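S.K.: Provided below are the primary sequence and the corresponding predicted coordinates.
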Amino acid sequence: MTQVEDGRAGINPLQTGDGIFVMAGALSAGQAIAFVTSLQPLSTVPSSFMALCNMDMGFEEALDEIIAREGERIADDIAYRERSLLRGERRRPWDRHTRGPFRGILGGEGVPLGERLALAERVVGALGVPDALRERGRGRRRKFSAGKLIAAVLAKGNLSFVDLAAELREMGYDATVDGSRASPSKSTLFKAFAMLPREYLEEALRALDDMTAELYGGFGEDMNVFAGDNSAVPCDDMVVRNVKGRGAVLMRDTFDFYALVRLPTNTIRLITEHRNLILRTVQVIPRGSTLLLDAEFDAEMNYWLAHRMGIQVMINPRGRPRWFVGTFLRFEGRVYGRRKLVERTFGNITKRRTVSYFRSFQGRIKGIMLAGILHNMISYYRSVKWTGLFLRAG
């Protein structure tokens, strides 16, 4: 039996009603030891599960190996904390070791366009068609279905509109109303993208995040742990900026944005413009959630917003920890250490989309949202494969 430490030590899963899961397939010795010695797996796992292990060593030998690795982990943790005192936060590595024992089993990074279209059509079916693209009662009848066009835009990812139109044509994607089996052109797709409201893309992001979180519903884990941070992507245009000590310098423009990430599933809940106020954040996460933020969000207004919405917020204080509403805000480094996991999401987005080619602000923010939707689609399909490895006993 393999049990992963998740902060619920001493809780009997049979008494909580979570149940015990059985892993479909046998673990190798390396995979079993990686599970047992990992405090923060890259993927969410059930609190308790049973698995067959193909061990090439005896039980006592395996136990000694686990104890030795745990001793090394404790020593490394102490050394890390001592080194971190001399480093700024941006230069610190992740606080906890992460492992992905099934990295090769779950497949690669990409998801075929056909699967993305199928998932996008499910999202459009749940959200409906926005008023901006709804067909009017007068005028010439539209050739293409608004729902099909929206699904194609949501599945666009990092493809250009030219490449998207070419791939849709190659796969024979029928987006017409009358079933004449015609694919939309690049100009039709761009027009649908321009008419698509920003709020609709936000709802699509949240829908994919909720769909992924529901896959882990039976695992008995706390899925409402979020982290927010600001990042930026380079643009393809050049701007002149004054740099201290160098004067006017011609450099590549960048677009700053803010993303809210659900840490257990590595899915994006919200993307908006760069900001240090969490007003939009607390509006889109459930009451009672945990929110982890870095020092640039250490403002009294953010504590008030979280307190009013019933959100447990933990912000890395710039100086001393604060007193708020007559209570000393305790800063727990172990809990806050999970915030560094948000860097996985930013790394995935910037690796898949290196440059923003849109000129207007609305185009750029919507383009980043499409990159976030692609990220959530990949996370969803990987989560489907991952949760399929665990079967509920009985």
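M.R.: That came in fine, so what should we check first? Numbers count the residues shown, from 1 in each chain.
S.K.: low-confidence regions, the protein specifically.
M.R.: 1-19, 34, 36-43, 47, 84-85, 87-109, 137-139, 319-355, 394 (pLDDT under 70).
S.K.: and the helices in it?
M.R.: 13-16, 29-37, 59-84, 113-127, 146-154, 161-171, 186-195, 198-215, 279-283, 300-309, 333-336, 342-352, 361-387 (DSSP state H).
S.K.: any idea how far the closest residue to Ala26 other than its chain neighbours lies from Gln31?
M.R.: Once flanking residues are discounted, Ala26 sits nearest to Leu52: 4.1 Å by C-beta to C-beta, 6 or more residues apart in numbering. Placement of C-beta: from N, CA and C, glycine included. According to C-beta to C-beta, to the nearest Å, Leu52 and Gln31 sit 11 Å apart.
S.K.: re the thing from before, quickly note the distance from the residue nearest to Ala26 to Phe35.
M.R.: For Leu52, the distance to Phe35 - C-beta to C-beta - is 13 Å.
S.K.: do the same with Phe390
M.R.: 12 Å.
S.K.: joint contacts of the two?
M.R.: Residues touching both Phe390 and Phe35 (C-beta atoms under 8 Å, 6 or more residues apart in numbering) are Val45.
S.K.: ok so, going back, quick one, what contacts the residue nearest to Ala26?
M.R.: Going by C-beta under 8 Å, 6+ apart, the list of residues near Leu52 reads Met23, Gly25, Ala26, Leu27.
S.K.: let me know the closest of these to Ala259.
M.R.: Nearest to Ala259 among those: Met23, at 32.4 Å, using C-beta to C-beta.
S.K.: wait, what's in contact with the closest one?
M.R.: Per C-beta under 8 Å, 6+ apart, neighbours of Met23: Phe49, Met50, Ala51, Leu52, Leu389, Phe390, Leu391.
S.K.: those into CSV, with extra columns for distance to Leu164?
M.R.: Formatted as CSV, these follow (distance: C-beta to C-beta, whole Å):
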residue, distance to Leu164
Phe49, 41
Met50, 45
Ala51, 42
Leu52, 45
Leu389, 33
Phe390, 36
Leu391, 38
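S.K.: nearest to Gly110, of those residues?
M.R.: Distance to Gly110, by C-beta to C-beta, is smallest for Leu389 among the contacts of Met23, at 20.4 Å.
S.K.: thought the closest one was touching Leu27?
M.R.: No. Look at Leu389 against Leu27 with C-beta atoms under 8 Å: they stay out of range, at 10.3 Å.
S.K.: give me the neighbour count for Pro197.
M.R.: Using other C-beta atoms under 10 Å, Pro197 has 14 neighbouring residues.
S.K.: mind listing what the residue nearest to it when sequence neighbours are not counted touches?
M.R.: Leaving aside its sequence neighbours, Pro197 sits nearest to Pro130 (C-beta to C-beta, 6+ apart; 5.4 Å). Neighbouring residues of Pro130 by C-beta under 8 Å, 6+ apart: Ile150, Leu196, Pro197, Tyr200.
S.K.: show me which pair in these is furthest apart.
M.R.: Maximum distance among those (C-beta to C-beta): 10.7 Å, for Ile150 and Pro197.
S.K.: spatially nearest residue to the most centrally placed residue in the chain (excluding sequence neighbours)?
M.R.: What sits nearest the mean C-alpha location of the chain, by C-alpha atoms, centre = their mean, is Thr267, with 2.2 Å. Nearest non-adjacent residue to Thr267, counting by C-beta to C-beta, 6+ apart: Asp209, 4.4 Å away.
S.K.: test my guess that the one you found contacts Pro264.
M.R.: No. Taking contacts as C-beta under 8 Å, Asp209 lies outside contact range of Pro264: 10.9 Å.
S.K.: higher neighbour count, the two?
M.R.: For Asp209 and Pro264, the more surrounded residue by other C-beta under 10 Å is Asp209, and the numbers stand at 25 against 20.
S.K.: list the contacts of that one.
M.R.: Arg262, Thr265, Thr267, Ile268, Arg269, Asn376.
S.K.: tell me who's in contact with the third one.
M.R.: Residues counted as contacts of Thr267 (C-beta under 8 Å, 6+ apart) are Leu208, Asp209, Thr212, Ala213, Val261, His375, Asn376, Ser379, Tyr380.
S.K.: let me know the closest of those residues to Phe297.
M.R.: Nearest to Phe297 among the contacts of Thr267, with distances taken as C-beta to C-beta, is Val261, at 14.3 Å.
S.K.: Arg269 is in contact with the closest one, correct?
M.R.: Yes. Counting by C-beta under 8 Å, Val261 touches Arg269, with 6.8 Å between them.
S.K.: neighbour count: the two, which is higher?
M.R.: Neighbour tally, Val261 and Arg269, criterion other C-beta under 10 Å: the higher count belongs to Val261, 28 against 24.
S.K.: for His274, see how far away the closest residue to Phe255 other than its chain neighbours is.
M.R.: Nearest non-adjacent residue to Phe255, counting by C-beta to C-beta, 6+ apart: Arg364, 4.7 Å away. Between Arg364 and His274 the computed distance is 11 Å (C-beta to C-beta).
S.K.: the two: which has the busier surroundings?
M.R.: Arg364 (20 against 11).
S.K.: contacting residues for the more buried one?
M.R.: Applying C-beta under 8 Å, 6+ apart to Arg364 gives the contacts Cys235, Phe255, Ser356, Phe358.
S.K.: how many neighbours does the last one have?
M.R.: Using other C-beta under 10 Å, Phe358 is surrounded by 17 other residues.
S.K.: is it true that it touches Met369?
M.R.: No. Using C-beta under 8 Å, Phe358 is not in contact with Met369, being 11.3 Å away.
S.K.: quick one, strands of the stretch 201-350 of the chain?
M.R.: 225-243, 247-262, 267-273, 290-293, 312-315, 323-324, 327-328 (DSSP state E, counting those that start in this stretch).
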